[in-house]
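Peer 1: just coords:
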């Protein structure tokens, strides 16, 4: 797919990205000026709070008018806007190569690349730093976080080369992810969330003060199960196969799969991870709109 | 009306019905490999059902129908019996339409003219002379047994044959009084009669000329003109429009004359003419004492007669008789047998043979059905909906 369509983002989707902004719910810890709330206090434009003077504060920060009223030393603090650091974590295991029979050249991985490219566009527009972690059977590849158009090209090239293969790597390889993705960053995880290790990684990152958003990419066949007649269902990662009759297996599968998805959403919500589902027949900006759109501020962690 | 098969062995082709059944079953056992990452939530328990299941039943039904129709086509089905068992009214030509409808009030019946093909009654009346007896027998054989038949005939009925028709069913025989047509008289003799003689002073020529003059007087008012008498020596060729030939020369007939007779001519040979196998043939004319005067037989498509005596008063006094031209004409141009009768005395008799009706073949319709089924099958089998993976 990548060779045929080097452009990851369709034109219509690119047009709709205009009113989206990457927003972190937690204040950003990255140094520097940016468009995001910061945990660093100090001199700045936006008033944040008064706090009592402590030894070591710059005396020029003391609010002398308040001192005149209250006879105590208060330091006026402002909130600094600091840039966000966005990380894209793309699942590149073999299950991501699956697509729908109705649109065989549009796989989960293609959708993940498209969503990642959208996030990169948003981050680039806001001047944020961004990086990519891809996890394939061969291991973990990282494009270190940076800002700017060259970084965008670097990331897109990396995505372009990404091929889905293999199974989920062991825990040793995943330690690198935690090392490279610093605390206080926004991590958008794109994958099918079928591997427990993927969910555990999300939980671990969330527990270590990263703001984690998961986008579960499903095929329309997994949502609707439109199969009829005899099929031999093969797991692309383990190679196991199950014989099944489409019509008879449908109700049972939809029930069990729906329960599993609800359980996953509840589990991630419990860890403070915002979780959205994306089906391959939806437009690429749909999950971003639900995560970062105008209404997303009111939403808690996605439960659907 | 019943259905029959001319070649019941053709139904053996019905074994071909197994073919599409097998085809549609074979697809059943196929297990399409499908990549499915969410297999963890797919239970292995619902295996494909073992009981017989057929896919694409509409297509299968069409194919089965197509093959069954083909097998039936091979078996050559026929439909016997005429459609419908309602009453029939046939009207012999010669009856006025209003007279017929006044005589019988049967608006629901099937009204037909008694003519070949049984044209509908509202068509133009066919020609008056029809082979009535033959048509009645044909109609009796073709009609259903329970169909009532009413025949309207004029008082004088022509086109009959030797006996009263024996029909299988009881016929309502209605005689309609019509104006009696004038008694038909025999039309005058027309055509060319060639006389070939060896001697110009042959005494027979005199009597033949007299007979020719008599015929010409009969046909003086005829439209097509009287007959022509062409008297010439034997060396003269026979004109192509000649109907009759009188050959007075002795000896064997030349080959071209024999060819002319064989091609359909009618010849009266003199007593000295030589013809092969003279004893053959029936005696066509005897005198009052019973002596044979003329005998004749068929020759090729034509007819050969031979005078047993010289055509002269000494040997054949009948030439002096006033009826000689008529006798001669009867030899050359034999009158038709009478074919008319009073209809009241000629009602068909019951007790005729119950003929099995001529069956009508059904294969044109069946072939049409096969073509339609084939088109439908192709349309369904190649429709884009089938391409959709399921």
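Peer 2: Everything's here; your move. Everything numeric in this text was worked out from a predicted model, so none of it was measured.
Peer 1: Show me where chain B dips below the pLDDT cut-off.
Peer 2: Residue ranges of chain B with pLDDT under 70: B:1, B:26-30, B:44-53, B:81-85, B:180-188, B:219-226, B:277-280, B:356-358, B:386-390.
Peer 1: and if you look at the stretch 101-250 of chain A?
Peer 2: Scanning the stretch 101-250 of chain A with the threshold set as pLDDT under 70 gives no residue ranges.
Peer 1: Residue B:116: how many residues sit nearby?
Peer 2: Residue B:116 has 12 neighbours, counted by other Cβ atoms under 10 Å in any protein chain shown. Any C-beta I mention is one placed from the backbone N, CA and C, and that applies to glycine too.
Peer 1: Ramachandran angles for it?
Peer 2: Per-residue torsions, residue B:116: phi -60, psi 130 (degrees, to the nearest 10).
Peer 1: which residues does it contact?
Peer 2: Residues in contact with residue B:116 (Cβ atoms under 8 Å, 6 or more residues apart in numbering or on different chains) are B:126, B:130, B:135.
Peer 1: for residue A:17, same thing?
Peer 2: Contacts of residue A:17 by Cβ under 8 Å, 6+ apart are A:9, A:118, A:121-122, A:285, A:288.
Peer 1: Residue of chain B closest to chain A, please.
Peer 2: Nearest residue of chain B to chain A, counting by Cβ to the nearest Cβ: residue B:37, 3.5 Å away.
Peer 1: which ones are touching that residue?
Peer 2: Counting by Cβ under 8 Å, 6+ apart, residue B:37 touches A:95, A:98, A:192, A:194, A:222, A:235-237.
Peer 1: just those that are near chain B?
Peer 2: The subset of the contacts of residue B:37 lying close to chain B, counting by Cβ under 8 Å from any Cβ of the partner chain, consists of A:95, A:98, A:192, A:194, A:222, A:235-237.
Peer 1: Turn those into TSV, including neighbour count and secondary structure.
Peer 2: Shown next, in TSV, are those (neighbours: other Cβ atoms under 10 Å in any protein chain shown; DSSP: H, G, I helix; E, B strand; the rest coil):
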residue	neighbour count	secondary structure
A:95	26	helix
A:98	24	coil
A:192	22	coil
A:194	24	coil
A:222	24	helix
A:235	21	coil
A:236	20	coil
A:237	21	coil
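Peer 1: Which single one of the residues you listed is nearest to residue A:107?
Peer 2: Checking the ones next to chain B among the contacts of residue B:37 against residue A:107 by Cβ to Cβ gives residue A:98 as the nearest, at 6.3 Å.
Peer 1: Okay, that closest one and residue A:224: tell me how far apart.
Peer 2: 14 Å (Cβ to Cβ, to the nearest Å).
Peer 1: Skip the chain neighbours and tell me the closest residue to the residue of chain B closest to chain A.
Peer 2: Spatially, and ignoring its direct neighbours in sequence, residue B:37 is nearest to residue A:95 (3.5 Å; Cβ to Cβ, 6 or more residues apart in numbering or on different chains).
Peer 1: my read: that neighbour touches residue A:237, true?
Peer 2: Yes. Using Cβ atoms under 8 Å, residue A:95 makes contact with residue A:237 at a distance of 5.4 Å.
Peer 1: what about the helices in the stretch 101-250 of chain B?
Peer 2: Under the criterion DSSP state H, counting those that start in this stretch, the stretch 101-250 of chain B contains helices at B:132-142, B:203-218.
Peer 1: now, of these, which is deepest in the fold?
Peer 2: Counting by mean count of other Cβ atoms under 10 Å in any protein chain shown, helix B:132-142 has the highest mean neighbour count of the helices of the stretch 101-250 of chain B, with a mean of 20.
Peer 1: out of the contacts of residue B:37, what pair is the most spread apart?
Peer 2: A:222 and A:237 (14.9 Å).
Peer 1: Now chain A against chain B: closest residue?
Peer 2: Closest to chain B within chain A is residue A:95: 3.5 Å, counting by Cβ to the nearest Cβ.
Peer 1: tell me the contacts of the residue nearest to residue B:37?
Peer 2: Counting by Cβ under 8 Å, 6+ apart, residue A:95 touches A:108, A:164, A:192, A:194-195, A:235-237, B:37.
Peer 1: Which helix or strand lies directly C-terminal to the host helix or strand of residue A:260?
Peer 2: Per DSSP states H and E: residue A:260 is located in helix A:246-270. Downstream of helix A:246-270, the first helix or strand assigned by DSSP H and E is strand A:274-279.
Peer 1: Tell me the strands beside that following strand, with direction?
Peer 2: The strands beside strand A:274-279 in its sheet (DSSP bridges) come out as strand A:211-218 (parallel).
Peer 1: Kindly calculate the angle that the strand it pairs with makes with helix A:246-270.
Peer 2: Using axes from the mean of the first three to the mean of the last three Cα atoms, to 10 degrees, one finds that strand A:211-218 and helix A:246-270 are set 180 degrees apart in direction.
Peer 1: okay, now residue A:149: neighbour count?
Peer 2: Residues within reach of residue A:149, counting by other Cβ under 10 Å, total 8.
Peer 1: doesn't residue A:123 make contact with it?
Peer 2: No. Residue A:149 is not in contact with residue A:123 according to Cβ under 8 Å; the separation is 11.4 Å.
Peer 1: any idea how far residue A:52 is from residue A:73?
Peer 2: To residue A:52, residue A:73 is 7 Å away according to Cβ to Cβ.
Peer 1: Could you list the buried residues of stretch B:235-250?
Peer 2: Of all the residues in stretch B:235-250, those buried under the rule 16 or more other Cβ atoms under 10 Å in any protein chain shown are B:238, B:242-249.
Peer 1: Tell me which two of the residues you listed sit farthest apart.
Peer 2: Checking those with Cβ to Cβ, the most distant pair is B:243 and B:249, at 19.7 Å.
Peer 1: which element is residue A:12 on?
Peer 2: Under the criterion of DSSP H and E, residue A:12 resides in helix A:11-16.
Peer 1: roughly how far out does that helix sit from the chain middle?
Peer 2: Here helix A:11-16 shows a centroid-to-chain-centroid distance of 20 Å under the convention Cα atoms, centre = their mean, to the nearest Å.
Peer 1: and what of stretch B:2-10?
Peer 2: On the basis of Cα atoms, centre = their mean, stretch B:2-10 sits 27 Å off its chain's mean C-alpha point.
Peer 1: ok, residues contacting it?
Peer 2: So stretch B:2-10 is in contact with B:11, B:71-81, B:359, B:362, going by Cβ under 8 Å, 6+ apart.
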